[in-house]
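>>> mind folding the following:
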Amino acid sequence: MDHDRRLAQSAFRGDDGAASAQTRERLAAVTAEGTPVAYLRAVAALCGDRILVPVVATTTRLGQTIGGLTSDKEAEMSVVLLQAHNGRRAMLGFTGLDSLRAWQADSARPVPVTLDVAARTTHAEGGVALVIDIAGPDALVIEGEVLDQLAVGHRLLEVEPDVFGWAVSTAE
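Down below sits the predicted model:
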């Protein structure tokens with residue numbers, strides 16, 4: 001039996017959970033301006049950051065204690081999904097611990113990921129949208145073609161002022 005196990009190094013070493021000021025400014029601009037350019041700039045900023053995806057424990061099997069009380073015997077970790085009245089599902093992501101705590105203070109564990117990983121997970125979980133900072137300070141919904149492009153690993157870049165393009169990995 002191998003008892004010499006090691007945790008993988010974090011891709012976000014030194015991350016203290018704070019949101020990027022630039023990304024928050026870009027999200028605020030979407031709220032203030034409501035233009036396609038502001039939206040694309042916000043998505044491009046998120047492509048260069050990590051986001052925090054909330055994960056919660058979900059009981060999969062109950063057990064009985066000696067005193068007859070019911071307890072969790074097994075649990076799985078699950079990403080958080082919201083479901084609209086029409087059945088559409090969305091996954092949540094947050095730019096910082098403050099925005100995650102504004103949504104739900106203590107029951108979700110933040111998992112740092114890149115935006116493309118969050119988009120891919122959204123699709124894998126049957127979601128059609130990724131909602132960033134749902135409790136504020138400025139929420140952003142990523143869906144449709146933008147979510148699809150992110151989910152296949154593309155990153156949005158502003159290549160010139162007001163001109164955007166997808167960075168596509170050539171590695172296979």
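>>> the residue lying closest to Leu52 once chain neighbours are set aside: which element?
Distance criterion C-beta to C-beta, 6 or more residues apart in numbering; nearest residue to Leu52, sequence neighbours excluded, is Pro110 at 3.9 Å. Where you see a C-beta, it was placed from the backbone N, CA and C, and this is true even at glycine. Under the criterion of DSSP states H and E, Pro110 resides in strand 109-114.
>>> buried residues of that strand, list them for me.
By neighbour count on 16 or more other C-beta atoms under 10 Å, the buried set for strand 109-114 is 110-111, 113-114.
>>> tell me the one of those nearest Ser99?
Pro110 (10.2 Å; C-beta to C-beta).
>>> who's the closest one bridged to?
Beta-bridge pairing for Pro110 (DSSP bridges): Pro54.
>>> so it sits right up against Val56, yeah?
No: the criterion here is C-beta atoms under 8 Å, and Pro110 misses it with Val56 at 10.9 Å.
>>> got any residues that touch both of the two?
The overlap between the contact sets of Pro110 and Val56 (C-beta atoms under 8 Å, 6 or more residues apart in numbering) is empty.
>>> before we move on, the earlier item: so who does the residue nearest to Leu52 touch?
Listed by C-beta under 8 Å, 6+ apart, the contact partners of Pro110 are 17, 52-55, 94, 97, 100.
>>> in PyMOL, select just the buried ones from the residues you listed.
The following PyMOL line selects those of the contacts of Pro110 that are buried, judged by 16+ other C-beta under 10 Å:
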select buried, resi 52+53+54+94+100
